[in-house]
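J.: sequence-free structure coming up:
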């Protein structure tokens, strides 16, 4: 009488493995474990080496996805980098001063960077490049024009949800307020912008771009010298001001023709 023997089933099938990987949300491992297993066999890796390779790939994928999410949530109008900046165009700019801020120490210190200069000199470019660099280093960033912030908060105030909306501008590690001074601000707008700046004081970094010298800022804040003084007091207490001078790069062709 012959005895029929059967090979024992593996404790877990490949289908079960893939189910668990999907449930645990490990897409890199789910997609690569078989191929990397073949590579591990060919190169005679240890189990630890095989596992370490899978985990490193999963960690890198998550890091990349988190970075892309931060960039998307920052709402940059376009992506700009420091490498793209035309240093030869402004007639006045402290290159070392600018480059030093790309160490991003000002974000750690919860201090401010203020870019002052005429139109078309790259203020927004540099502000965006700093924000983009911050995203790559793991910081939450939000980019918005000063007028958009005011309009958004004014609508929220009318709807009775100002406190909730303010959190959008106070929560990120870095807030970029672009184009302060390009359009007039009424008393309500000035008060709302002051709230944002006041709430972020020593709590989070701000980058501001403006085409107006500080002495002209009372005009920006509805000719309210008291409010302007309060704004500047909070902004400049921990701040570095970058002055950029020259002619508009957007008018380059007309200037050179």
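T.: Arrived safely, thanks for sending. Note that the structure is predicted; figures quoted are calculated from it, not measured.
J.: please name the residues that touch residue 188.
T.: 150, 154, 157 (CB atoms under 8 Å, 6 or more residues apart in numbering). Just so you know, the C-beta spots here come from the backbone N, C-alpha and C atoms, and that holds for glycine as well.
J.: per-residue pLDDT, the closest residue to the first one other than its chain neighbours?
T.: What that stands for is residue 150. The shortest distance from residue 150 to any non-neighbouring residue, by CB to CB, 6 or more residues apart in numbering, is to residue 189 (4.0 Å). We have a pLDDT of 95 for residue 189.
J.: re earlier: among the contacts of residue 188, which ones are in helices?
T.: 150, 154, 157 (DSSP state H).
J.: for the longest helix along the chain, packing partners?
T.: The residue-count maximum for a helix in the chain (DSSP H) belongs to helix 47-74. When contacts are defined as 3 or more CB pairs under 8 Å, 6 or more residues apart in numbering; DSSP states H and E, helix 47-74 packs onto helix 27-43, helix 123-136, strand 141-145.
J.: which strands or helices does the host helix or strand of residue 176 pack on?
T.: Residue 176 belongs to strand 174-180 when assigned by DSSP states H and E. Using 3+ CB pairs under 8 Å, 6+ apart, the elements in contact with strand 174-180 are helix 123-136, strand 141-145, helix 146-158, helix 187-200, strand 205-210.
J.: that one pairs with which strands, parallel or anti?
T.: strand 141-145 (parallel), strand 205-210 (parallel) (DSSP bridges).
J.: for it, what is the distance to the chain centroid?
T.: 11 Å (CA atoms, centre = their mean, to the nearest Å).
J.: ditto for stretch 209-218
T.: On CA atoms, centre = their mean, the centre of stretch 209-218 falls 24 Å from that of its chain.
J.: quick one: contacts of it?
T.: 114-119, 123-124, 127, 176-182, 219-220, 224-225, 228, 231-232, 236.
J.: now, of those residues, which are buried?
T.: Listed as buried from those are 114-117, 123-124, 127, 176-181, 220, 224, 228, 231-232; burial here means 16 or more other CB atoms under 10 Å.
J.: show me what the residue nearest the centre of the chain is bridged to.
T.: With distances taken as CA atoms, centre = their mean, residue 141 lies nearest the centre of the chain, 3.1 Å away. Beta-bridge partners recorded for residue 141 (DSSP bridges): residue 174.
J.: and it, how far from residue 186?
T.: The spacing between residue 141 and residue 186, counted by CB to CB, to the nearest Å, is 28 Å.
J.: with residue 220 instead?
T.: 11 Å.
J.: repeat for residue 162
T.: 16 Å.
J.: residue 100 too?
T.: 37 Å.
J.: quick revisit: ok, the residue nearest to the centre of the chain to residue 248 distance?
T.: 26 Å.
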